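A.B. asks: Structure of the sequence below:
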Amino acid sequence: MRKLYEINEDIERVLDETYTMKIDDENAVDKATGEVFSVVEKLNALEIEKNEKIKSVAAYLDDTSAQLEHLQEKIKKLTAMKKTLENEVDGLQNYLLFATDNKGFKDDEIEVKVKESKRCDFTDETLIPEKFIKTEIKKSASKTEITKAIKAGEEVPGAVLNTYYSVKII
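C.D. replies: Numbering: from 1, shown residues only. Presented below is the predicted three-dimensional model:
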């Protein structure tokens, strides 16, 4: 099966006088091969082939999009299950810390060890003295402002306004 861009190039070759020489309103000669052909018949054949290719690609895209949506739903469900299990683990660990008075537990079948660590938590960050405040400077370009400037006719070095298209299979 030929690629869609090859079919589009063939359509262009039939219509473009760089490649063909018209004999009359219905017939032409391929300058490269010398083939005499009916423009209408050749275009019809190429358009049918192109339409079949487009339908095939659209059907494949529709199927692939459905698979992606299915995976996204699964990911949402798995993420929710993960969060539930994380909460359960936290709750059980907190219970063991409470039940063992943060000391751990040991018998013939199982051992629960408790490790102590220290971590600084903020109760009110606005009360922290200035000498402990770290200033971070982050530069970033404003896509919104650059888009407005380019649309207004201003040239912005390092930026271009591209056009993107999306496809929806109905």
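A.B. asks: wait, isn't Val14 in contact with Val40?
C.D. replies: No - distance between Val14 and Val40: 9.8 Å, which falls outside the contact criterion (Cβ atoms under 8 Å). C-beta here means a position set from N, CA and C on the backbone, and glycine is covered the same way.
A.B. asks: Look up how far Leu61 lies from the residue nearest the centre of the chain.
C.D. replies: Nearest to the mean C-alpha position of the chain, counting by Cα atoms, centre = their mean, stands Leu68 at 10.8 Å. When distance is defined by Cβ to Cβ, to the nearest Å, Leu68 is 10 Å away from Leu61.
A.B. asks: Now do the same for Ala80: its pLDDT.
C.D. replies: We note a pLDDT of 98 for Ala80 in this prediction.
A.B. asks: tell me which element it is part of?
C.D. replies: Element membership of Ala80, judged by DSSP states H and E, is helix 39-99.
A.B. asks: Give me the distance from that helix to the chain's centre.
C.D. replies: The chain centre lies 11 Å from the centre of helix 39-99; the measure is Cα atoms, centre = their mean, to the nearest Å.
A.B. asks: For it, name the packing helices and strands.
C.D. replies: In terms of contacts (3 or more Cβ pairs under 8 Å, 6 or more residues apart in numbering; DSSP states H and E), helix 39-99 is packed against helix 4-15.
A.B. asks: Packing partners of the helix it packs on?
C.D. replies: On a contact count with 3+ Cβ pairs under 8 Å, 6+ apart, helix 4-15 meets helix 39-99.
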